[in-house]
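Engineer: got a sequence here, can you model it:
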Amino acid sequence: HPRMRSLPGVEAAGVGLSLPYEAALDEAWSAGATFAFVPEKSGVPAAWLDSALSSIPEDLRTGHFALLTSGSTGRPKLVIGAKARSEALARLLHDVQESEPVAEAILALPLTYCYSFVNQWLWARVMSRRVVQTHGFSQPDTLRDALRRSQSAMICLVGIQVPLIAGYFAAERFEGVIRVHFAGGRFPQNELDVVRRCFPNAAIFNNYGCAEAMPRLTVRHAEEADIGSDVGCPLPGVAMRAGEAGELLFRSPLGAVALIDDEGLHRIAPEDWTATGDLGRIEAGRVILTGRASEVFKRHGEKIALPILLESVGHSWRGGAAFYRERDSRGEEGHVLVLAPHPGDEATRAILQTFRERHPRALWPLRIESVEQLPSLPNGKVDVGALPSLGNKIVHWRQRI
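Structural biologist: Below is the predicted model:
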């Protein structure tokens, strides 16, 4: 249940209204006052949020909005966007995502997630399309009903939801969905057969960006590349480059104007190069991701990129998969693979065989564990921080170190 928060001393439309939050959000967007749109159960202390709102300068208190994210650090961050910029981005996405035939957006992700907010709610508002609210996979029957009734619809998903599609909707063919968008994590390149079977009439897009981009930097058709880490070319007007350490940077006239974190307010000027939080490279104008900074490290001198290892796992495993980092008994950096649901012995052997064929031993996981279901954050991404302490994990294999 999201909520709107006003700036101290400012009467912001949508705050304290006894309206459904969708109506309150529409009214807040129409009003001049800046507002923050955050999950009711964000885990962020109210005092932190109040302090962040209080620090917004006067020139950003009208014509703007703010969304809460934890980014790649796990620490709260309030990202401030300009309403006019985001409306322009919604129009641009309408063109590059070939959305003119789309009549409705079916919500399967929280609107407080920047990806869903701009790609679906704001797009629908700007282009006068219909929004169909569901509770996503927390209520799969409701989502199924909405998809069955869909007509020329678009849906936005994250890669971790593909196993849920396979599990809940294995016998379904939602022919009314004509656009399926993925963002916010690993693109499910190796599970596209599941997506195409469930949505036989849909064009599938790999979308890449970050909250600071509000949130889009690149878009590509699924068929344009054979690897999920190829996220395509930057949008018109967006510039991207790789820094000396491989960090991806961008400049966008449609991105956020400022952010607030534990260190205070940071303005983003048009000429600034802003870090995406990811590592990667530019090849022939295309952006190739290596992983987030926390997902790339060295073990026994070998460079490990966890997203690349996840692609390898996907060749022999169609369920959920995620890594968390752990030091081995000698203090060397390593990683643990967690699968969901629990695999059989044959599936475990197939994964190990893939590692043997594709990667030197230094890149193998310390252990292969499993749980019934991977934990997720409100935005649908895997809650990597929760993986080490999960109860009821089964250990299927471990390295002898």
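Engineer: the lowest-mean-pLDDT helix or strand in the chain: what's the following helix or strand?
Structural biologist: Least confident helix or strand, the chain: strand 2-6 with a mean of 50, by mean pLDDT, DSSP states H and E. With elements assigned by DSSP states H and E, the helix or strand that comes after strand 2-6 is helix 21-30.
Engineer: quick one: low-confidence parts of the stretch 1-150 of the chain?
Structural biologist: Of all residues in the stretch 1-150 of the chain, those with pLDDT under 70 make up the ranges 1-21, 41-43, 70-74.
Engineer: got phi/psi on the residue nearest the centre of the chain?
Structural biologist: The centre of the chain sits closest to Gly184, judged by CA atoms, centre = their mean, with a distance of 1.5 Å. For Gly184, the backbone dihedrals are phi 70, psi 30 (criterion: degrees, to the nearest 10).
Engineer: cool, the one 5 residues further on as well?
Structural biologist: With angles defined as degrees, to the nearest 10, Gln189 sits at phi -60, psi -40.
Engineer: pLDDT score for the residue nearest to it when sequence neighbours are not counted?
Structural biologist: Nearest residue to Gln189, sequence neighbours excluded (CB to CB, 6 or more residues apart in numbering): Gly228, at 3.6 Å. Backbone N, C-alpha and C define where each C-beta goes, glycine included. What the model reports as pLDDT for Gly228 is 89.
Engineer: mind checking how far Gly228 is from Glu87?
Structural biologist: According to CB to CB, to the nearest Å, Gly228 and Glu87 sit 30 Å apart.
Engineer: neighbour-wise, which of those two wins?
Structural biologist: Neighbour totals were compared for Gly228 and Glu87, and Gly228 leads with 24 against 17 (other CB atoms under 10 Å).
Engineer: enumerate every residue touching the more buried one.
Structural biologist: Contacts of Gly228 were listed using CB atoms under 8 Å, 6 or more residues apart in numbering, and they are 186-190, 206, 307, 311.
Engineer: what do you get if the cut-off is 10 Å, keeping everything else the same?
Structural biologist: Contact partners of Gly228, counting by CB atoms under 10 Å, 6 or more residues apart in numbering, are 159, 182, 185-192, 206, 222, 289, 307-308, 310-311, 314.
Engineer: mind checking which of these land in strands?
Structural biologist: Judged by DSSP state E, the subset of the contacts of Gly228 located in strands is 182, 206, 289.
Engineer: now those residues in TSV, with neighbour count?
Structural biologist: Below are the ones in strands among the contacts of Gly228 laid out as TSV (neighbours: other CB atoms under 10 Å):
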residue	neighbour count
Phe182	25
Asn206	23
Leu289	24
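Engineer: pick out the lowest-pLDDT one from those.
Structural biologist: Leu289 (91).
Engineer: would you map the strands across the stretch 251-400 of the chain?
Structural biologist: For the stretch 251-400 of the chain, applying DSSP state E, counting those that start in this stretch gives strands covering 258-261, 264-267, 274-283, 286-292, 296-299, 302-305, 320-327, 333-340, 367-370, 394-398.
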